[in-house]
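# The following block contains a protein sequence and its predicted model.
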Amino acid sequence: DLLDLPLSLLSRNTTYADFVRYLAEHGEFGPGPVEEQVQKRLDTLDRPYVGERVRPDGSVLEVRRNPVADGGFVSIYTDVTERHQAQAQLEQA
C-alpha cells in the first residue's frame, strides 16, 4: 500500500530486481538511468541500510534493511510523512 504496487507485481515470481526496477521506472528514486538505479540497490543488499526518501507524491518513507544469515534480507518501510510535517510546523513556529 505504501508504494502503490500493482497486484501483478506481488507474486512469487517477482524478484527484488523486478520490484526495484518498477519503482525506478515510476520515479521513486528520482531522475537517472533505471538500470543504474537498480544495480546500485542490488550492490548493497549485503549491508544494513537506514534512510528516508520522498516519494513522487510527496509522502516520506523510512526504509530499513538488514541482511540475514542465509543471504537474504528484511526490509521495513514506514510512512513518516506526518512526523516530517509536524517537524516542519515546529520549525516554522
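In hand now; what should we look at? Residues are numbered from 1 along each chain as shown.
# Share the number of residues neighbouring Thr78, please.
By other C-beta atoms under 10 Å, the residues close to Thr78 number 13. Glycine gets a C-beta too; all of them are placed from N, C-alpha and C.
# All further residue positions should be reported with the first residue as 25.
Got it, first residue is 25 now, which makes that one Thr102.
# Now do the phi/psi pair for it.
The phi and psi values for Thr102, taken as degrees, to the nearest 10, are phi -130, psi 130.
# and the gap between the closest residue to it other than its chain neighbours and Asn37?
Ranked by C-beta to C-beta, 6 or more residues apart in numbering and with sequence neighbours excluded, the top spatial neighbour of Thr102 is Glu86, at 4.5 Å. Glu86 is 28 Å from Asn37, where distance means C-beta to C-beta, to the nearest Å.
# got it, and Asp25?
21 Å.
# pretty sure the residue nearest to Thr102 is touching Glu76, no?
Yes - contact criterion C-beta atoms under 8 Å: Glu86 and Glu76 qualify, at 5.1 Å.
# could you dump the longest helix belonging to the chain to PDB, C-alpha only?
Longest helix in the chain, counting residues (DSSP state H): helix 105-116. Output of helix 105-116 as PDB, limited to C-alpha atoms (Å, rounded to 0.1, in the frame of the first residue of the first chain):
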ATOM      1  CA  THR A 105       5.100  11.800   6.400                       C
ATOM      2  CA  GLU A 106       3.200  13.100   9.400                       C
ATOM      3  CA  ARG A 107       6.400  13.300  11.500                       C
ATOM      4  CA  HIS A 108       8.000  15.400   8.800                       C
ATOM      5  CA  GLN A 109       5.000  17.700   8.600                       C
ATOM      6  CA  ALA A 110       4.900  18.100  12.400                       C
ATOM      7  CA  GLN A 111       8.600  18.900  12.400                       C
ATOM      8  CA  ALA A 112       8.200  21.500   9.600                       C
ATOM      9  CA  GLN A 113       5.400  23.100  11.600                       C
ATOM     10  CA  LEU A 114       7.500  23.300  14.700                       C
ATOM     11  CA  GLU A 115      10.400  24.800  12.800                       C
ATOM     12  CA  GLN A 116       8.000  27.500  11.300                       C
END
